[in-house]
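A.B. asks: model this:
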Amino acid sequence: MYKDYNQQNKLGKILILTLISLWFISADTLDNTETQTEIENDKTIVYTFPIKQDIVPSALRFTQRAFEEAQQLKADYIIIHMNTYGGMVNIADSIRTKILNSTIPIFVFIDNNAASAGALISIACDSIYIRSGGNIGAATVVNQTGEEMPDKYQSYMRSTMRSTAESHGADTIIQGNDTIIKWHRDPKIAEAMVDASVEIPGISEKGKVLTFTAREALENGYAEGIAENISEVLDLAQIEDYELKKYEVSGLDRVIAFLMSPVLQGVLIMIILGGIYFELQSPGIGFPIGAAALAAVLYFAPLYLEGLAENWELLLFFAGIVLLVVEIFVIPGFGVAGIAGVFFMIAGLTMAMIDNIVFELDLGLAINMLIRSLLIVVGSLFTSILLAIVFSKQAFRFSGLNMVLNSTQEKEEGYTTSDNTYKQLLGKTGVAYTVLRPSGKVEIEDDIYYATAEIGYIDKGDKVKVTRYSTSQIFVIKQSE
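C.D. replies: Coordinates of the predicted model:
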């Protein structure tokens, strides 16, 4: 018994020593992990993303996504890698505001060009670094043809440039009885980048809009340094032991850029309108309407994500579709509802291409853009109808596409397909065996034929007259009582 107790005592001591050893090992591991984490966290996180395109809605979307990702990574600095000739003022102003409100210091590396809207964005950044041979300035507001906008637009841009430069503060220097305000970025220089009438001795001549070279920007406080790449920017900023994170273009970004191609947009419009045209020819939920619906999604989705298409424009387009459906299934005949439906659809497709802010900034430019978009839509409409007519002559033979009636027209049931028979039907009258919207069936002399209404829709039971035949089908008009 004593022996057993002694053995148990030894086992207890061994167990206690083992637990103590494990505790020390665990504590040491945790300490090492915490130390390693602290070492990893000691690295400076530098996040960089490009603006190497026109300043359009997609640039704003990229910027917003980049800032969100930088915050998730707890970045210490953000560097914008810029090369742009400018773009839309309202988009540049939104990016500028995002930069000014950022709690993370923002650098910009001007890799050649920061013109117009790019200059405004650059001036908003905490530090500017520019490549040798690069330029910054030329922020006069112009329209799409390169002509200067009226002074009210220039006035707004001058004020925005000044306030952006002023946001970086100034030093108050007292020399004797004089108090001198030395701006970190002189607002007058920012204004001279917009207005050719602003003259700054030794810097800007009257009658010329100011644009700085890399050296001039450095000498006049509009650059903190001249660098050839991001690594040199970080060296000049004295940032060491850093980890560089880059914005990765997502698959969605690539898809949106592809779908925003003008050529593809024209094709999508053709599919939308062509599909609806086919569906009007022979109603039924099939391939044409499915293709049109898919094309509509692919057309509107990227425009909506880019901020061009707004909710009311989408609703306008779908209201047009609803009116057409009402016209087809509720009140057959091409009347007010059908005309309004076509108008709403064209208006929705056209307006979705235009950023509505342009109507506030320049009515003349807005009208030009509206006409251009309308021509694209109307041109696509007529092209799609033309192709649909040509294609329908072949497609009507295939019931697998669900564009024609799926029933088999057996001779025993009264159907006839002989061209001689069709020729003999010219001028004869009969009745609509089904509703023709515009395609359907007619009964002539106790035989049933597949037919298409020449004008409008024909209700079941209405008298019809054969006017012509083509590609194994006859065409009829409603016979007046």
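
A.B. asks: wait, what's in contact with the residue positioned nearest the centre of the chain?
C.D. replies: Here the mean C-alpha position of the chain is nearest to the C-alpha of residue 306 (CA atoms, centre = their mean), at a distance of 2.8 Å. If you count contacts by CB atoms under 8 Å, 6 or more residues apart in numbering, residue 306 has them with 56-58, 61, 256, 260. C-beta here means a position set from N, CA and C on the backbone, and glycine is covered the same way.

A.B. asks: at 7 Å what do you get?
C.D. replies: Each residue near residue 306 by CB atoms under 7 Å, 6 or more residues apart in numbering is listed here: 57-58, 61, 256, 260.

A.B. asks: From residue 131, how far out is it?
C.D. replies: In this structure, residue 306 lies at 29 Å from residue 131, with CB to CB, to the nearest Å as the measure.

A.B. asks: and if you look at residue 432?
C.D. replies: For residue 432, the distance to residue 131 equals 75 Å [CB to CB].

A.B. asks: same question, residue 201
C.D. replies: When CB to CB is applied, the distance between residue 201 and residue 131 equals 28 Å.

A.B. asks: what two of the contacts of residue 306 have the greatest distance between them?
C.D. replies: 61 and 260 (11.7 Å; CB to CB).

A.B. asks: how far away is residue 67 from residue 57?
C.D. replies: Residue 67 sits 16 Å away from residue 57, going by CB to CB.

A.B. asks: err, residue 158, not the other one
C.D. replies: The separation that residue 158 has from residue 57, given CB to CB, amounts to 24 Å.

A.B. asks: same thing with residue 434?
C.D. replies: Plainly put, residue 434 is 49 Å away from residue 57 if you go by CB to CB.

A.B. asks: Can you give me every residue that contacts the residue nearest to residue 426 when sequence neighbours are not counted?
C.D. replies: Nearest non-adjacent residue to residue 426, counting by CB to CB, 6 or more residues apart in numbering: residue 466, 5.7 Å away. Each residue near residue 466 by CB under 7 Å, 6+ apart is listed here: 425-428, 474, 476.

A.B. asks: how about a cut-off of 10 Å?
C.D. replies: Neighbour list for residue 466: 422, 424-430, 442, 444, 449, 451, 454, 474-477, 479 [criterion: CB atoms under 10 Å, 6 or more residues apart in numbering].

A.B. asks: What of residue 210?
C.D. replies: With contact set as CB under 10 Å, 6+ apart, residue 210 has these partners: 119, 136-140, 188-196, 198-200, 203-204, 216, 220, 222.

A.B. asks: can you tell me which of these are in strands?
C.D. replies: Cross-referencing the contacts of residue 210 against strands under DSSP state E gives 136-137.

A.B. asks: List buried members of the contacts of residue 210 by neighbour count.
C.D. replies: Taking 16 or more other CB atoms under 10 Å as the criterion, what is buried in the contacts of residue 210 is 119, 136-140, 189-196, 198, 203-204, 216, 220, 222.

A.B. asks: Which of these fall in helices?
C.D. replies: Here DSSP state H is the test, and the buried ones among the contacts of residue 210 give 119, 189-192, 216 as lying in helices.

A.B. asks: any chance of the residues you listed in CSV, plus pLDDT and distance to residue 167?
C.D. replies: Converted to CSV, these look like this (pLDDT from 0 to 100; distance: CB to CB, whole Å):
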residue, pLDDT, distance to residue 167
119, 96, 15
189, 95, 14
190, 95, 11
191, 95, 14
192, 95, 18
216, 95, 22
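
A.B. asks: where are the low-confidence patches of this protein?
C.D. replies: Within the chain, the ranges that satisfy pLDDT under 70 run 1-41, 144-145, 279-286, 307, 328-335, 355-366, 388-420, 471-472, 481.

A.B. asks: How is it divided into domains?
C.D. replies: Taking automatic domain parsing as the domain assignment, the record places the domains of the chain at 44-248, 252-401, 411-478.

A.B. asks: coming back round to it: farthest pair in the ones in helices among the buried ones among the contacts of residue 210?
C.D. replies: Of all pairs drawn from those, the one with the longest distance (CB to CB) is 191 and 216, at 16.3 Å.

A.B. asks: okay, now the closest residue to residue 462 other than its chain neighbours: neighbour count?
C.D. replies: Excluding the flanking residues, the one nearest residue 462 by CB to CB, 6+ apart is residue 432, at 4.9 Å. By the measure other CB atoms under 10 Å, the count of residues near residue 432 is 23.

A.B. asks: same check, this time on residue 313
C.D. replies: Neighbour count of residue 313, defined by other CB under 10 Å: 22.

A.B. asks: before we move on, what about residue 369?
C.D. replies: Counted with other CB under 10 Å, the neighbours of residue 369 add up to 18.

A.B. asks: Just confirm it contacts residue 353, I think it does.
C.D. replies: Yes - counting by CB atoms under 10 Å, a contact exists between residue 369 and residue 353, whose distance comes to 7.8 Å.

A.B. asks: From the contacts of residue 466, which land in helices?
C.D. replies: Short answer: the contacts of residue 466 in helices (DSSP H) are 422, 424-425.

A.B. asks: For these, pick the one with the most neighbours.
C.D. replies: Comparing those on neighbour count, residue 425 comes out first with 24 neighbours (neighbours: other CB under 10 Å).

A.B. asks: Just confirm residue 464 contacts residue 442, I think it does.
C.D. replies: Yes - between residue 464 and residue 442 a contact is recorded at 5.4 Å, counting by CB under 10 Å.

A.B. asks: Overlap in contacts, these two.
C.D. replies: 429-433, 436, 451, 453, 458, 474, 476.

A.B. asks: Run a quick neighbour tally on the closest residue to residue 370 other than its chain neighbours.
C.D. replies: In space, and not counting its chain neighbours, residue 370 is closest to residue 354: 6.4 Å by CB to CB, 6+ apart. In terms of burial, residue 354 registers 19 neighbours under the definition other CB under 10 Å.

A.B. asks: if I pick residue 354, what's in contact with it?
C.D. replies: For residue 354, the set of contacting residues under the criterion of CB under 10 Å, 6+ apart consists of 303, 308-309, 313, 366, 369-370, 372-374.
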